[in-house]
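Visitor: Need the 3D shape of this:
(6 chains)
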Protein chains: 6
Amino acid sequence: MAGLGHRTAVLDLSRGEMGTRGTAADRARESAEAARILRVSWRGALDLPDGHIENTRPNRLKVAAVIRMLRPRVLILPYWKGRHPDHYTASRLGYEAAFLAGLKKLDLTDTAPNLEVCARAEPEAAGLHSAIARPHRPFKILYASLYYDVRPTFVVDITPHFESRFQSLMAYRSQYHDQSEGAGLFPLQAEIRARTEAMARFYGLLAGVTYAEPFVQKEVGLLDDLTAIPVRSI
Amino acid sequence: MAGLGHRTAVLDLSRGEMGTRGTAADRARESAEAARILRVSWRGALDLPDGHIENTRPNRLKVAAVIRMLRPRVLILPYWKGRHPDHYTASRLGYEAAFLAGLKKLDLTDTAPNLEVCARAEPEAAGLHSAIARPHRPFKILYASLYYDVRPTFVVDITPHFESRFQSLMAYRSQYHDQSEGAGLFPLQAEIRARTEAMARFYGLLAGVTYAEPFVQKEVGLLDDLTAIPVRSI
Amino acid sequence: MAGLGHRTAVLDLSRGEMGTRGTAADRARESAEAARILRVSWRGALDLPDGHIENTRPNRLKVAAVIRMLRPRVLILPYWKGRHPDHYTASRLGYEAAFLAGLKKLDLTDTAPNLEVCARAEPEAAGLHSAIARPHRPFKILYASLYYDVRPTFVVDITPHFESRFQSLMAYRSQYHDQSEGAGLFPLQAEIRARTEAMARFYGLLAGVTYAEPFVQKEVGLLDDLTAIPVRSI
Amino acid sequence: MAGLGHRTAVLDLSRGEMGTRGTAADRARESAEAARILRVSWRGALDLPDGHIENTRPNRLKVAAVIRMLRPRVLILPYWKGRHPDHYTASRLGYEAAFLAGLKKLDLTDTAPNLEVCARAEPEAAGLHSAIARPHRPFKILYASLYYDVRPTFVVDITPHFESRFQSLMAYRSQYHDQSEGAGLFPLQAEIRARTEAMARFYGLLAGVTYAEPFVQKEVGLLDDLTAIPVRSI
Amino acid sequence: MAGLGHRTAVLDLSRGEMGTRGTAADRARESAEAARILRVSWRGALDLPDGHIENTRPNRLKVAAVIRMLRPRVLILPYWKGRHPDHYTASRLGYEAAFLAGLKKLDLTDTAPNLEVCARAEPEAAGLHSAIARPHRPFKILYASLYYDVRPTFVVDITPHFESRFQSLMAYRSQYHDQSEGAGLFPLQAEIRARTEAMARFYGLLAGVTYAEPFVQKEVGLLDDLTAIPVRSI
Amino acid sequence: MAGLGHRTAVLDLSRGEMGTRGTAADRARESAEAARILRVSWRGALDLPDGHIENTRPNRLKVAAVIRMLRPRVLILPYWKGRHPDHYTASRLGYEAAFLAGLKKLDLTDTAPNLEVCARAEPEAAGLHSAIARPHRPFKILYASLYYDVRPTFVVDITPHFESRFQSLMAYRSQYHDQSEGAGLFPLQAEIRARTEAMARFYGLLAGVTYAEPFVQKEVGLLDDLTAIPVRSI
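Guide: Model (predicted):
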């Protein structure tokens, strides 16, 4: 999306302090590096407790405030099922925050989310906080389904970006570099490369491209020109 | 699609001779009139027996020959379930004919499908028959699902075309004009108008447009720009 | 149901104070008017915060107390998925409240739900509060699915009631009457009429009636006489 | 259904000549006995080859002719999936025959299905054959799903009829009575009793009755009175 | 599982104090008796409020502490849908507790779950509490689906254990022995026997054994030898 | 399976004469080479017309005769949906042939399937034809789902066999070796390697092994020891 000239942003809900490997400080440094590689316009982390993300009113208000600050047209959430409770809870939390962010009568000016910003495209930073007063609801909500065994609604061709995507993952050195801590639990880096490639290729094969990333969309599609639909049927 | 400048064609498998109302001759006249209203480039009818459409090898070869003649990029079939056996059988028959049409070693030059052509855009007519010798497989196969209670993969906005679409239906005077034959079995024309409109509006509502037509697609989608996806999520 | 002589009741969980259009006072007036049009025997509103309905124990006890007061045989909840978080949360909240209401050992006499009652059929009002002490569980729980794109288990023919149903919607003047506030966000009234009609007709078409309302039921059905099943198959 | 005063009929497509146990003659005698126990008004067997039931045009016409003879309001077919190819093929064959039987222009007077009738309620026999000339389409088509692991749409309470239903099964002595032929392949009679009872009880439990029989219906339901819906939800 | 020589344990989340029949003391006595019959190695009850089980952080920590104490390889949870809110909530609560129990950085040594232990295999009791300090995550999580109308992933043959399983149920005399309290609401004991047997036989029939117990597993299976797969296909 | 010491066999229904690349003679040579690499005990090809496989009675009898000859315990069929009509038709044809093969009264001794055998383990060849007189039904029918986008019931770890599996594919030189015929339509060999590996790894990831092959099974599973179930849940 950055390559197409769009503003992009990443919001981490927690700071990863409960991970078996690495500290919150390690994660902050790594997140900034990953953001740089992915060319995101903004990246920040809230302070929700890692391993204990809950869909409570205070948490929804914090996320709603960030949504008003960033005013995205498209919000990508984790798929609503998964292995990690924080991930599937984040999905519902994010949806409900997006709903609240659009309520004209919801005053969020007193919500001061504790944000640690690690990447920021300067010209946009100025108006961020004043935006909290103005309602905003994303037009589209999509669900990233790579880590769940579900048929995607569509995939996005990431062939030209596969290497930088992999490097952004490898930026999390505390998680993915070979080390003794957690050996046995964590796969070796060469294995991670092979797995990442296999997943991207698998979803690419569904659509006739080399590497792709899968998404789930709840709404039906809307198309203009039937002759422009990609992906061969037969 | 005609409005976008694409060649379009309709293939009727039978000539409607078993219908409670109207004769095959009535149907032929009405089909030509409907084709004119829909601005289709070509319309023809095979001679498969109405009410007894079967997915047999001879029938597949006939349809494959027409596919080679017309060389469509997109093939729209009836949804594969339905109330009328001819409709769901046509769906499988059409799919398998499309497969066969693409086999380089399948010689169809001796297949002379008995076609009654009722609409024809002159410049294209010349090469039609010689095309039977050259393999062709549609790139995309879609399923029209308006008459089956299934969630569509996508809809197409037909708001500007709703009236002409309805007129093309009304062109089948033997079927839809108020008359004594089959009264009780067949709804009145005013009722048909109301139903047609309700269905189109219902599918329109799913996508935020006034009138829409639903389709099912078996493949996953492939998208470039997430910010360009239509249909509001929330 | 009122037309069949049954007692009917509506419980609003909140007072609509977060709506873009209208105040809680507007809504109260409109709810009373809608209740009158629908001939409901009782209508009241709890004080749960609009936009922040949560399935918490105190909320479950409040709703359970109202269930004991009203003692319904059938409880209609919103479908358990939807666009508005309050709606799908109300579905689970209502189900669990119905469960609790039936527990003999659950003492709800100290639960004094803050109810604003806007419609009341006199003879029944007397015993309402004393009923809180006596357990009651609805026999049947159904899910109203009109606003979610899901196949209903069954529909109810509302042809004779379609106009009054529409008028009960229009009673919410703050929401549906043409006005400048929220113009752009809200459809015009003529459009609402067309949409309401299209939805009711669509579900009617599934069952061979003019207008119908869709419901989802979790249990299997139980039938006596196979010859009495309505809705033509073929 | 017989108990409710309805005419009932059973059409066997073949004469069971390929069964491991018993001959076609054994089966004919047993079918008549089972029909007597079930109090069916009419029972006959076509001569389709056992183990080779096919959905061909001649077979569809034979079944359509019988449908016109018997003119049922409700047609019960086997569920469309199953272990035995004859059973699932009969499901599609029966559906398509029902469609054809309703075509006004389909002349079936020359179709003389080879029927072996083993049960017949006299007063109705007279007009049977002349009825072949008059179109008839069943109003309702249901699918008997007892032998397939699928959730039924509804069940029918057969508690008062469970014993006679079991006796009608036991009438097939060649199949179910303990014997040396096929021992090992076929369960003992006591085991059959236990299984039949367990299945009927299982489906009964879904609906709060003792014994029930499961059916699948493709259409949505249509209900009048929500307070009259049976089967407790909670 | 006990018969195969495995350690087994049961954790009750509440003490059943809200049941229509019986007191918490009755239930404790009955649980101990049932545990004895099932030969479980350990059984204990937490003090979560009966009828109000919630998936909150304190509850997750309590259950996580017990998981660390008992260190199971396999965790069996209730299926995630059901009639009783405590049951489906326990399913999610148990899953998330299992996740937390495996977090190396989660210190649970101050979590002192209020456990009432009613069955204990002596040699294992010693190390139980010190185990709370060491992370543990079950390898496998399975869902017991007997009380929900869902197709199981697999069943377990319980034919040799059916009687003791039934006796362990009957150990809950306050619930299942015929009595006046709750008569009308509760089935008679003979009926319970018949139902329990029908359910077990029904699931047995799916797999070709006499009595079986159904489970749902979310992961795909992994098999070595295709010739060793049980359950006949045809 | 060969590695576990089991007899294995492959039956090709046609001889590939319609393929864009290669002749039937090429294919026969390649099939024999692939069979050698896979160490199959027997491989033969029937003479059904390539591109026109149909589920007709003569075809079912031919396949049933081969099933009686080879007497497999496990029959692996293509998944019942797919892109190539021959593949999904073979699935149903194979199932129904397996059913027929078990009918004691079905005499197949006059069925002389035109088999071209390209691999044969000598000691077994002797009794093959006389076996046609004796009924046989496979115990288990499984569906190979690698080429269809469906969630498998289980996967088989093929890590030690991945290379020979790939070599057996490459034995089809006419199909997979780089060449001018069909260039553009057919992927290059390096691409095939990458795709084959990605698919096997993807299914491996579902089960925690490196390379796996997916299968669908219609029946529920049957398990003895819950602690022996592989594939980590969390």
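
Visitor: contacting residues around the residue nearest to residue A:144 when sequence neighbours are not counted?
Guide: Using C-beta to C-beta, 6 or more residues apart in numbering or on different chains and skipping residues adjacent in sequence, the residue nearest residue A:144 is residue A:76, 5.5 Å away. Where C-beta positions appear, they are placed from N, C-alpha and C, glycine not excepted. Residues near residue A:76 by C-beta atoms under 8 Å, 6 or more residues apart in numbering or on different chains: A:141-144, A:215, B:226.

Visitor: Which of those residues fall in strands?
Guide: Among these, DSSP state E puts A:141-144, A:215 in strands.

Visitor: what's stretch A:204-216 in contact with?
Guide: Against stretch A:204-216 from outside (C-beta under 8 Å, 6+ apart): A:76, A:79, A:142-146, A:150, A:152-159, A:162, A:197, A:200-201, A:203, A:230-232, B:219-222, B:226, F:149, F:195, F:198-199.

Visitor: So how do I select the buried members of those in ChimeraX?
Guide: Selection of buried members from these for ChimeraX, criterion 16 or more other C-beta atoms under 10 Å in any protein chain shown:
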select /A:76,79,142,143,144,145,146,150,152,153,154,155,156,157,158,162,197,200,201,203,230,231 /B:219,220,221,222,226 /F:149,195,198,199
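
Visitor: The contacts of stretch A:204-216 in helices, which ones?
Guide: Mapping the contacts of stretch A:204-216 onto helices (DSSP state H) picks out A:162, A:197, A:200-201, A:203, F:195, F:198-199.

Visitor: With pLDDT and distance to chain D added, can I get the residues you listed in a markdown table?
Guide: Below are the ones in helices among the contacts of stretch A:204-216 laid out as a markdown table (pLDDT from 0 to 100; distance: C-beta to the nearest C-beta, whole Å):
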| residue | pLDDT | distance to chain D |
| --- | --- | --- |
| A:162 | 97 | 42 |
| A:197 | 97 | 39 |
| A:200 | 98 | 36 |
| A:201 | 98 | 34 |
| A:203 | 98 | 31 |
| F:195 | 96 | 33 |
| F:198 | 97 | 33 |
| F:199 | 98 | 28 |
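
Visitor: Nearest to chain C among those residues?
Guide: Lowest distance from chain C to those (C-beta to the nearest C-beta) belongs to residue A:203, with 25.7 Å.

Visitor: How about the residues of chain A by chain E?
Guide: Counting by C-beta under 8 Å from any C-beta of the partner chain, the positions of chain A adjacent to chain E are A:17-20, A:51-52, A:54, A:84-85, A:149.

Visitor: So residue A:105 versus residue C:114, what's the distance?
Guide: 21 Å (C-beta to C-beta, to the nearest Å).

Visitor: Check the average confidence over stretch A:38-55, would you?
Guide: Mean pLDDT, stretch A:38-55: 97.

Visitor: That stretch and chain F in contact?
Guide: No. Looking at stretch A:38-55 against chain F by C-beta under 8 Å from any C-beta, there are no contacts, and the closest approach is 13.3 Å.

Visitor: quick one: that stretch near chain B?
Guide: No. Using C-beta under 8 Å from any C-beta, stretch A:38-55 stays clear of chain B, with a minimum separation of 13.3 Å.

Visitor: can you pull the buried residues of that stretch?
Guide: Applying a neighbour-count criterion of 16+ other C-beta under 10 Å, the buried positions in stretch A:38-55 are A:38, A:40-48, A:50-55.

Visitor: taking those one by one, which sit in strands?
Guide: A:42-45.

Visitor: Tell me, what's the model's pLDDT at the closest residue to residue A:151 other than its chain neighbours?
Guide: Distances taken as C-beta to C-beta, 6+ apart place residue F:149 nearest to residue A:151, at 6.6 Å, with adjacent residues excluded. Residue F:149 is assigned 93 on the pLDDT scale.

Visitor: Contact partners for residue F:149?
Guide: Taking C-beta under 8 Å, 6+ apart, we find residue F:149 in contact with A:151, A:206, B:220.

Visitor: for chain A, which spans come out with low pLDDT?
Guide: Regions of chain A meeting the criterion pLDDT under 70 cover residues A:122-128.

Visitor: for chain A, what spans make up the helices?
Guide: A:24-38, A:57-70, A:85-101, A:122-125, A:162-170, A:173-176, A:189-207.

Visitor: Residue B:12 is nearest to which of these?
Guide: Nearest to residue B:12, of all the helices of chain A, is helix A:189-207, at 33.3 Å by C-beta to C-beta.

Visitor: CA atoms only for the closest one, dumped as PDB, please.
Guide: This file holds the C-alpha atoms of helix A:189-207, laid out as PDB (Å, rounded to 0.1, in the frame of the first residue of the first chain):
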ATOM      1  CA  GLN A 189      15.600 -18.900  11.000                       C
ATOM      2  CA  ALA A 190      16.100 -21.000   7.900                       C
ATOM      3  CA  GLU A 191      12.900 -22.900   8.700                       C
ATOM      4  CA  ILE A 192      11.100 -19.600   9.200                       C
ATOM      5  CA  ARG A 193      12.200 -18.500   5.700                       C
ATOM      6  CA  ALA A 194      10.900 -21.700   4.200                       C
ATOM      7  CA  ARG A 195       7.600 -21.500   6.000                       C
ATOM      8  CA  THR A 196       7.000 -17.900   5.200                       C
ATOM      9  CA  GLU A 197       7.700 -18.600   1.600                       C
ATOM     10  CA  ALA A 198       5.500 -21.700   1.500                       C
ATOM     11  CA  MET A 199       2.500 -19.800   3.000                       C
ATOM     12  CA  ALA A 200       2.900 -16.900   0.600                       C
ATOM     13  CA  ARG A 201       3.300 -19.300  -2.400                       C
ATOM     14  CA  PHE A 202       0.300 -21.300  -1.400                       C
ATOM     15  CA  TYR A 203      -1.900 -18.300  -1.300                       C
ATOM     16  CA  GLY A 204      -0.300 -17.100  -4.500                       C
ATOM     17  CA  LEU A 205      -1.200 -20.400  -6.200                       C
ATOM     18  CA  LEU A 206      -4.900 -19.800  -5.400                       C
ATOM     19  CA  ALA A 207      -4.800 -16.700  -7.600                       C
END
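
Visitor: tell me the angle that helix makes with helix F:189-207.
Guide: 110 degrees (axes from the mean of the first three to the mean of the last three C-alpha atoms, to 10 degrees).

Visitor: chain center to helix A:189-207: distance?
Guide: Once both centres are worked out by C-alpha atoms, centre = their mean, to the nearest Å, helix A:189-207 turns out to sit 19 Å from its chain's centre.

Visitor: can you list the residues of chain A near chain C?
Guide: Within chain A, the positions near chain C by C-beta under 8 Å from any C-beta are A:57, A:95-96, A:99-100, A:103-106, A:220.

Visitor: hmm, try it at 7 Å
Guide: Residues of chain A lying close to chain C (C-beta under 7 Å from any C-beta of the partner chain) are A:57, A:96, A:99-100, A:103-106.

Visitor: my guess is residue A:222 meets residue B:230, correct?
Guide: Yes. If you go by C-beta atoms under 7 Å, residue A:222 and residue B:230 touch, sitting 4.4 Å apart.

Visitor: ok, back up a step: can you say which of the residues of chain A next to chain C are buried?
Guide: So, by 16+ other C-beta under 10 Å, the buried ones in the residues of chain A next to chain C are A:96, A:99-100, A:103, A:106.

Visitor: who's in contact with residue A:94?
Guide: A:63, A:75, A:77 (C-beta atoms under 7 Å, 6 or more residues apart in numbering or on different chains).
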